[in-house]
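> Using only what follows, build the 3D model:
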Amino acid sequence: MKKSNLENFSLRKPVVLIGMMGAGKSSVGRALAEILGVPFCDADHEIIAVSNCSIAQIFADYGEEEFRRIERQVIARLLKTGTGILSVGGGAFMNTETRARIMESALSVWLKVDREILLARVLRHGERPLLKEGDPREKMMRLLDEREPVYAEANLVVDCDDRPVAQTARRVAEAIQAAPESQTR
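Down below sits the predicted model:
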């Protein structure tokens, strides 16, 4: 396999990491930004900053609809800030308006992770508002059934496993580099 030359690679447009909760979008995104020498932004952290409230609290006090409204506004703003890596929440790409914005102005990358790995990760870390009600496994599988066909619309799909974050980020960087949509300037 040909070795990549990531040092001489530059992005033409932002890269948006999508996927389910527990896919590693934030941790892989930070490592990916470091590899590519570009800024990293986590949309969920920006939502917390603008609302001065945790995501769990937004869900509890105002509901998912209000959270999604804030999320749409924050992502639209972040997409205008330039080239870099942006991780978005698991439900963000499900919104037609947000998905269209991402597809129009960025390179979308689905971090596709095996269902059992995802479930183990989210159960280990808890505090997921969408999994609070009922059986978390059943809810997670239902969300995956709904979301995977939409995630599949991403420009790139990178199969991820339980490798260390740095290795996964390198695989994602190499996939981005090889994608026709991200040819260097």
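
> Show the residue spans covered by the helices in the chain.
Ranges of helices within the chain are 25-36, 43-51, 55-62, 64-79, 96-105, 115-125, 136-151, 165-178, based on DSSP state H.

> elements contacting the last one?
In this structure, helix 165-178 makes packing contacts with helix 25-36, strand 107-113, strand 156-160, judged by 3 or more C-beta pairs under 8 Å, 6 or more residues apart in numbering; DSSP states H and E. Backbone N, C-alpha and C define where each C-beta goes, glycine included.

> May I see those organised as CSV, with mean pLDDT and distance to Leu86 added?
Listed next are these as CSV, based on pLDDT from 0 to 100; distance: least, C-beta to C-beta, whole Å:
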stretch, mean pLDDT, distance to Leu86
helix 25-36, 96, 7
strand 107-113, 96, 10
strand 156-160, 95, 14
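
> Pro14 is nearest to which of the ones you listed?
Pro14 lies closest, by C-beta to C-beta, to one member of those: strand 107-113, at 7.2 Å.

> Can you add distance to Arg12 and mean neighbour count and give the helices of the chain back as JSON lines?
Formatted as JSON lines, the helices of the chain follow (distance: least, C-beta to C-beta, whole Å; neighbours: other C-beta atoms under 10 Å):
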{"stretch": "helix 25-36", "distance to Arg12": "12", "mean neighbour count": "21"}
{"stretch": "helix 43-51", "distance to Arg12": "21", "mean neighbour count": "17"}
{"stretch": "helix 55-62", "distance to Arg12": "31", "mean neighbour count": "15"}
{"stretch": "helix 64-79", "distance to Arg12": "14", "mean neighbour count": "17"}
{"stretch": "helix 96-105", "distance to Arg12": "11", "mean neighbour count": "15"}
{"stretch": "helix 115-125", "distance to Arg12": "30", "mean neighbour count": "15"}
{"stretch": "helix 136-151", "distance to Arg12": "22", "mean neighbour count": "15"}
{"stretch": "helix 165-178", "distance to Arg12": "10", "mean neighbour count": "19"}
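
> Before I go, just wanted to say thanks for your time.
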